[in-house]
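**Q** sequence first, then the predicted structure, then my questions.
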Amino acid sequence: MSIIADPAAGASPASPAAREPAARPRRRLSIGWGLGFALPFAIAVAWEIAVRSGWANGRLLPPPSRIGGTLWELAESGELAMHAWATLWRVAAGFGLGAAVGTILGAASGANRTVRQLLDPTLQALRAIPSIAWVPLFILWLGIFEASKVALIAVGVFFPVYLGVAAALASVDRKIIEVGRVFRLSRLAMIRRVTLPAILPAWITALRTGLGLGFMFVVAAEFMGASEGLGYLLVDGQQLGRPDRILAAIIAFAVLGKLADGLLVLVTRPLLAWQDLGRDKL
Amino acid sequence: MLAIDQLSKTYADGNQALERLNLTVGNGEIVALVGGSGCGKTTLLRLIAGLDTASGGAIRLDDQTIAGPSADVGVIFQEPRLFPWLSVADNVGFGLSHLSAFEREGLVANALARVGLAEHGPRWPRELSGGQQQRAAIARALVTRPRLLIMDEPFSALDPTTRQSLHRHLLSLWDESRPTMLLVTHDVEEAVSLADRIIVMQPNPGRLYEEFANGIARPRDRMGVAFERLTREILKSLDQSLRPAAHAVAAAAEGQAAWW
Ligand SMILES: Nc1ncnc2c1ncn2[C@@H]1O[C@H](COP(=O)(O)OP(=O)(O)OP(=O)(O)O)[C@@H](O)[C@H]1O
Ligand SMILES: [Mg+2]
């Protein structure tokens, strides 16, 4: 985390004075981070010892060394990269689609009362449907290959982005809009110079939530018949009775999800350098 | 010249905030409005700023009717209302986007220096104190050189010392182009130390109650006899304006200044 925070602080357009106070919380943060590692690390070590000393057989829950070994094998054979790319590609396509549509509809509904009255009830009703319930329909409509998977992920990403953008637009501070009016901004200038920057933090938060859901939904999508992807690795591990492969895939999911989120934060951080918070919130 | 003619404002809920108010403010004149809560001061300023529309009457600035925000009218709100995503300098230059970056930077640097923020241009607003933020807001409003500057309790959130230093900064910037200024305040001493004319307003419905000319020479000494006498007179008038039966005729009998 602190590795990611460093270059961003350097890229911030703020004055040198702005950077100094950031140094202290960051150090406190890295200690807290180390502390967060302690528990899983202790459990892993304890389990490893338990299996090696014969206290437990480790058949259903393999020790960390065996999971690591499996991960290494998968990586060496190129399987891991292939599955990871397949998953990443699906998430990227679904996220792009869902985020784009969510942003556009959210903006329309947040900016215009009529659009909101027209759109919002329907979308709120659709939101009440557990998204996995769409799976059979999507397969019927779009086939069992990529299109139905991407569609499912897009649906998952869409709702948090739509809701986030619409809510952020509806709650832009009237006082700050008035400053724009005093300076006689045109409609377009008002959007560009006031509204967009004002909703940017909420939009990015919504995108992050959407991305997280995208990774949840890609698992569901890959359960419904895929021949590659980390989700396929999960199903495959189950059918082969190989919990080490399942756990390896789970770890790969966690790492990918965190990396994707970290990338999103890294890319958007310079846009939010003006915010008080966020510097230590990855 | 700012000329307000028979200005009325009735809100949608039937609340009559202003009733046929007449007021003229000469070019370069500084006028302070004081009055109890709810007598329509904010309403009046918002109408002049073009942020709301009047129910009747007209506002003219040098024979141009005001019917919306105008480049000639600068506004300072009670809160700084800086854009948190812009540096202090970019906030001050917000209304100068039609100029080249070079011209803009020169004007902004000068305005920042005038309000004692020369060093603070590259900072974020959140890194400034409340008083410094309000100074940036003053600079933002005056850097475009409006002919009329309106201010709604611009210093009310600040401590007395900061307030007095802001008065100096305001007058320093004002001196550059000498715009007409209309200031709402609850602080009678602030009114007396800044304004050429102090107007007491009266509620239900909002209208003018009494007017005081302020001939005290600048810089004004808050401890001086004339300053204290005028302050006392205004406080007395304020007190009377808020009595339920406050009546122009009755008060006029006591032999004070001009009446409506
Ligand atoms: N948006 C509004 N809708 C309805 N009534 C309003 C609105 N704004 C103000 N009023 C009413 O108009 C009257 C004048 O309000 P205004 O805010 O102009 O008073 P003020 O003199 O600025 O008071 P204060 O000194 O407390 O700021 C009040 O009775 C108030 O309740
Ligand atoms: Mg008010």
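**A** Great, that's in hand. Every value quoted in this text rests on a predicted model; they were computed, and no experiment measured them. Ligands and ions are numbered 1, 2, ... in the order given.

**Q** when you work out contacts or count neighbours from here on, use the C-alpha atoms and nothing else.
**A** OK.

**Q** please name the nearest non-neighbouring residue to whichever residue of the stretch 101-250 of chain A sits closest to chain B.
**A** In the stretch 101-250 of chain A, the residue that lies nearest chain B is A:Val182 (5.3 Å; CA to the nearest CA). Spatial nearest neighbour of A:Val182, excluding adjacent residues (CA to CA, 6 or more residues apart in numbering or on different chains): B:Pro69 at 5.3 Å.

**Q** before we move on, what SS does the one you found have?
**A** Following DSSP: H, G, I helix; E, B strand; the rest coil, the label given to B:Pro69 is coil.

**Q** got the contact list for it?
**A** When contacts are counted by CA atoms under 8 Å, 6 or more residues apart in numbering or on different chains, B:Pro69 touches A:181-184, B:49-51.

**Q** burial measure for the residue of the stretch 101-250 of chain A closest to chain B, as a count.
**A** Residue neighbour count, defined by other CA atoms under 10 Å in any protein chain shown, stands at 22 for A:Val182.

**Q** go on, B:Glu233?
**A** In terms of burial, B:Glu233 registers 13 neighbours under the definition other CA under 10 Å.

**Q** ok, now B:Asn110?
**A** Taking other CA under 10 Å as the definition, B:Asn110 ends up with a neighbour count of 17.

**Q** go on, the one 10 residues further on?
**A** When neighbours are counted by other CA under 10 Å, B:His120 registers 21.

**Q** grab the nearest non-local neighbour of it.
**A** The shortest distance from B:His120 to any residue other than its chain neighbours is 6.8 Å, reached at B:Val88 (CA to CA, 6+ apart).

**Q** distance of B:Gln240 relative to B:Lys41?
**A** Using CA to CA, to the nearest Å, B:Gln240 is found at 17 Å from B:Lys41.

**Q** more neighbours, those two?
**A** Just comparing B:Gln240 and B:Lys41: by other CA under 10 Å the higher neighbour count belongs to B:Lys41, 25 against 17.

**Q** beyond the helix or strand where B:Leu21 lies, next helix or strand please.
**A** Counting by DSSP states H and E, the secondary-structure element that holds B:Leu21 is strand B:16-25. Proceeding C-terminally, strand B:16-25 gives way to strand B:30-35 as the next helix or strand, assigned by DSSP H and E.

**Q** would you mind writing the CA trace of that following strand as CSV?
**A** Coordinates of each C-alpha in strand B:30-35 appear next as CSV, following Å, rounded to 0.1, in the frame of the first residue of the first chain:
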residue,chain,number,x,y,z
ILE,B,30,-20.4,51.8,0.7
VAL,B,31,-23.8,51.1,2.2
ALA,B,32,-24.4,48.7,5.1
LEU,B,33,-27.8,47.1,5.8
VAL,B,34,-28.6,46.1,9.3
GLY,B,35,-31.8,44.7,10.7
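
**Q** all helices of chain B, in order?
**A** According to DSSP state H, chain B carries its helices in the segments B:41-49, B:88-92, B:101-114, B:130-142, B:160-177, B:188-194, B:225-241, B:248-252.

**Q** list the buried residues in the second one.
**A** Okay, so that is helix B:88-92. Neighbour counts over helix B:88-92 (16 or more other CA atoms under 10 Å in any protein chain shown) mark B:88-92 as buried.

**Q** and that helix, how far out from the chain middle?
**A** Using CA atoms, centre = their mean, to the nearest Å, the distance from the centre of helix B:88-92 to the centre of the chain it belongs to is 21 Å.

**Q** can you count the residues close to the spatially closest residue to A:Ile144 that is not a sequence neighbour?
**A** With CA to CA, 6+ apart as the measure, A:Gly225 is the residue that lies nearest to A:Ile144, at 7.0 Å, once sequence neighbours are left out. Counted with other CA under 10 Å, residues neighbouring A:Gly225 total 14.

**Q** may I ask which helix or strand encompasses A:Gly225?
**A** Per DSSP H and E: A:Gly225 is located in neither a helix nor a strand.

**Q** Provide the backbone phi and psi angles at it.
**A** According to degrees, to the nearest 10, the main-chain angles of A:Gly225 amount to phi 80, psi 90.

**Q** so it sits right up against A:Glu146, yeah?
**A** No - the pair formed by A:Gly225 and A:Glu146 falls short of the contact definition of CA atoms under 8 Å, at 10.3 Å.

**Q** re the thing from before, tell me who's in contact with the residue of the stretch 101-250 of chain A closest to chain B.
**A** Taking CA under 8 Å, 6+ apart as the definition of contact, the neighbours of A:Val182 are B:49-51, B:69-70, B:74-75.

**Q** same question, B:Ile59
**A** Listed by CA under 8 Å, 6+ apart, the contact partners of B:Ile59 are B:2-5, B:7, B:48, B:65-67.

**Q** quick one: which of the residues you listed is nearest to ligand 1?
**A** Closest to ligand 1 out of those is B:Ile48 (12.1 Å), distances taken as CA to the nearest ligand atom.

**Q** hmm, the closest one is touching B:Ile66, no?
**A** Yes - A contact is recorded between B:Ile48 and B:Ile66 when judged using CA under 8 Å, the distance being 7.0 Å.

**Q** which of those two has more neighbours?
**A** It is B:Ile48, of B:Ile48 and B:Ile66, that has more neighbours when counted by other CA under 10 Å, with 29 against 20.

**Q** what about the nearest residue to B:Thr42 once chain neighbours are set aside, distance to B:Ile48?
**A** Taking CA to CA, 6+ apart as the measure, B:Thr42 lies nearest to B:Asp152, with 6.5 Å between them; neighbours along the chain are not counted. Distance of B:Asp152 to B:Ile48, computed by CA to CA: 12 Å.

**Q** what of B:Met1?
**A** Distance, B:Met1 to B:Ile48, using CA to CA: 13 Å.

**Q** rewinding a little: can the strand holding B:Leu21 be said to contact ligand 1?
**A** Yes - on the criterion CA under 6 Å from any ligand atom, strand B:16-25 is in touch with ligand 1 at B:Ala17.

**Q** is ligand 1 within reach of the host helix or strand of A:Glu178?
**A** Using DSSP H and E, A:Glu178 maps to helix A:174-182. No - figure legend: helix A:174-182 not in contact with ligand 1 (CA under 6 Å from any ligand atom); closest approach 12.5 Å.
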